[in-house]
Structures are given as C-alpha cells and as structure tokens.
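Q: Build me a structure from this.
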Amino acid sequence: QVQLAESGGGLAQAGGSLRLSCAVDRRSTVVYVMAWFRQFPGKERDFVSGISWTDNNPWRVDQQRDRFTISRDNAKNHLFLQMNNLKPEDTAVYYCAAVTDAHSGSWFLPNSYDYWGQGAQVTVSS
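A: This is a model prediction of the structure:
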C-alpha cells in the first residue's frame, strides 16, 4: 500500500511560482516511478513530469521543461514540483501518482499508475 498526499496548491498570479509537495508513505512497497499529472475540468488527466524512484541518479521528464521541475528528497519521502512563470492556462487540479508495478506501461499514461493523491487545486490569475 502507498499513500500519497499533495500540498502546496493555491492561488498565484501570472508569472508567479508555486511549489507542490507530495508526501509518500510507501511502507515496504517498492515504488518505481513517481509523477505529476494535472486535470482540467471535463478533461482526462495529463502527464506533467515524472521521475524514477529507485535510482540514485534519477531519470526525469518534464513536459514543461522551461517552467516546471520535478524533484524528490534523498529519503524518497517527498516528491516536489516547482512551477515557475505560471500562466492562467496552468489552472488545474494537480495529482501525484506512483507506479509500483515493474512492468507497467508508459510513464505518460495515467493507467500505468497504481496510486494517486487526492489532488491539489492550482489557480493562476491573469
């Protein structure tokens, strides 16, 4: 079992920054990949950033690589998403997610992830 809890969402002005955190309680479960997704009203969840969890030198993928950066702490208890130069179109609910199946599919697909946080609302005003 893995429990995930996001924090750090809220309201920001365009051009501002927010840092999302995800507390990871994984007990003895092996987590292979962690990621951030976002969901716009009425839409499917979209991949934002992902990071490998088992490597000492993790692989990272940032779809908004010039503005968003994914990271983790050394103890692998927290996942972060630093969001800079925010735009109104970044307004969405942001979710952290975990892969615990070594044979899961693409990092980019929500169906590959086994556990999800409850979501954090990010609202960017113009």
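Q: Please look at residue 1 and residue 31 and confirm they touch.
A: No. In this structure residue 1 lies outside contact range of residue 31 using Cβ atoms under 8 Å: 11.4 Å. To be clear about C-beta, it is placed using only N, CA and C from the backbone, and glycine gets the same treatment.
Q: The two: who's more crowded?
A: The residue with more neighbours, out of residue 1 and residue 31, is residue 31; 19 against 10, by other Cβ atoms under 10 Å.
Q: List the contacts of the closest residue to residue 104 other than its chain neighbours.
A: Spatial nearest neighbour of residue 104, excluding adjacent residues (Cβ to Cβ, 6 or more residues apart in numbering): residue 112 at 4.3 Å. By Cβ atoms under 8 Å, 6 or more residues apart in numbering, residue 112 lies in contact with 33, 99, 101, 104-106.
Q: Buried residues, stretch 101-111. List them.
A: Within stretch 101-111, the residues scored as buried using 16 or more other Cβ atoms under 10 Å are 107, 110.
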